[in-house]
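Trainee: what shape does this take:
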Amino acid sequence: MNRLFVDSMTVSYGEELIIKDLSISIPDQQITTIIGPNGCGKSTLLKAITRIIPHASGSVILDGQHISKENTKELAKKMAILPQTPESSSGLTVGELVSYGRFPYQQGFGRLTKRDREMIDWALEVTGIQEFKYRAVDALSGGQKQRVWIAMALAQETEMIFLDEPTTYLDMAHQLEVLELLEELNRVEKRTIIMVLHDLNQAARFADHLIAMKRGRIMKAGNCEEVIQRDVLRDVFHIDALIGRDPYTNKPMCMTYHLLKGDNHHEKNNHAVHSIIAHS
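Mentor: Residues are numbered from 1 along each chain as shown. Below is the predicted model:
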């Protein structure tokens with residue numbers, strides 16, 4: 001079942017065309033990960049879907065309705081987004097910043113209800129930052145700040161969560177912790193997760209659905225078996241990759257790769273990869 005559709009979307013920054021005539025559907029209650037080289041339009045696509053930036057043409061349809069016509073607060077009850085480089089006002093505590101996620105539900109003078117406080121505490125707990133609740137966000141490390149922003153997105157209590165490179169600034173253990181948290185939210189609470197990741201193996205390990213982009217276009221979309229393929233990675237990243245299997249998940253993974261530098265180099269790398277496969 002799909003609830004979210006992008007139809008013939010075009011997005012520009014000034015005169016620069018970033019996304020052209022792009023159409024895609026997002027599987028409901030699954031983890032979708034967008035991959036692609038820098039500047040290919042991954043972040044732009046997320047921002048356009050969530051109405052952070054406008055699109056020149058086309059439409060985004062959620063539950064049969066154009067999101068351009070949705071009330072802002074009502075849309076914020078359905079979609080939460082963690083941008084790539086979020087910024088907060090100086091002097092906020094962790095608890096105060098996470099409480100901003102409850103904005104769509106507040107009325108009148110904006111006082112926090114019992115439900116608001118419960119969701120804030122839950123978000124702090126599941127992201128492992130409960131002890132920082134009264135600490136200034138400015139005093140935290142980069143990884144700790146990232147978890148605060150993820151907690152704010154979780155506190156928003158939406159069915160869909162969009163995350164632009166959520167593992168930025170995190171060490172390997174905390175990257176895994178965040179991705180496993182998102183996986184649990186998807187499996188247990190049926191949250192639809194849409195995120196951008198740079199690490200191909202993390203993308204393959206945690207995604208149900210992959211979207212590979214290049215120059216503002218969808219090059220391939222499907223499950224991990226369909227997208228983590230040598231020909232797809234060659235077209236998208238201009239690399240010649242050796243694809244193996246993750247021993248933990250049995251999903252495809254990129255074991256090693258060479259940068260393609262031309263036809264002769266391509267043929268040389270093909271021969272090397274085939275030799276490795278033949279002797280493995």
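
Trainee: residue contacts, I53?
Mentor: By C-beta atoms under 8 Å, 6 or more residues apart in numbering, the residues touching I53 are 11, 44, 47. (Each C-beta comes from the backbone N, C-alpha and C, glycine too.)

Trainee: next structured bit after the helix or strand where A241 lies?
Mentor: Using DSSP states H and E, A241 sits in strand 239-245. Using DSSP H and E, the helix or strand that follows strand 239-245 in sequence is strand 252-259.

Trainee: mind listing what's buried in that following strand?
Mentor: Applying a neighbour-count criterion of 16 or more other C-beta atoms under 10 Å, one finds 252-254, 257-258 buried in strand 252-259.

Trainee: buried sites along the strand holding A241?
Mentor: 239-243.

Trainee: go on, stretch 132-151?
Mentor: By 16+ other C-beta under 10 Å, the buried positions in stretch 132-151 come out as 132-133, 137, 140, 143-151.

Trainee: before we move on, what about stretch 232-241?
Mentor: In terms of neighbour count (16+ other C-beta under 10 Å), stretch 232-241 has its buried residues at 232-234, 236-237, 239-241.

Trainee: what average pLDDT does the helix ranked longest in the chain get?
Mentor: In the chain, with assignment by DSSP state H, the single longest helix is helix 172-189. Average pLDDT, helix 172-189: 89.

Trainee: try stretch 58-74
Mentor: The pLDDT scores in stretch 58-74 average 93.

Trainee: any low-confidence regions in this structure?
Mentor: Residue ranges of the chain with pLDDT under 70: 88-89, 108-109, 263-280.

Trainee: what's near enough to touch the spatially most central residue of the chain?
Mentor: Residue closest to the average C-alpha location in the chain (C-alpha atoms, centre = their mean): M195, at 1.0 Å. Contact analysis of M195 by C-beta under 8 Å, 6+ apart lists 31-34, 162-166, 182.

Trainee: contacts for the helix or strand hosting R117, please.
Mentor: Taking DSSP H and E as the criterion, R117 maps to helix 114-126. With contact meaning C-beta under 8 Å, 6+ apart, helix 114-126 is reached by 94-95, 98-99, 101-102, 105-106, 112, 130, 132-133, 151-152, 154-155, 157, 181.

Trainee: what do you get for stretch 128-145?
Mentor: 88, 90-95, 97, 121, 124, 147-148, 151, 168-171, 174, 177.

Trainee: returning to that earlier point: and the buried residues of strand 239-245 as CSV, adding distance to N2?
Mentor: Shown next, in CSV, are those (distance: C-beta to C-beta, whole Å):
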residue, distance to N2
I239, 31
D240, 34
A241, 29
L242, 33
I243, 28
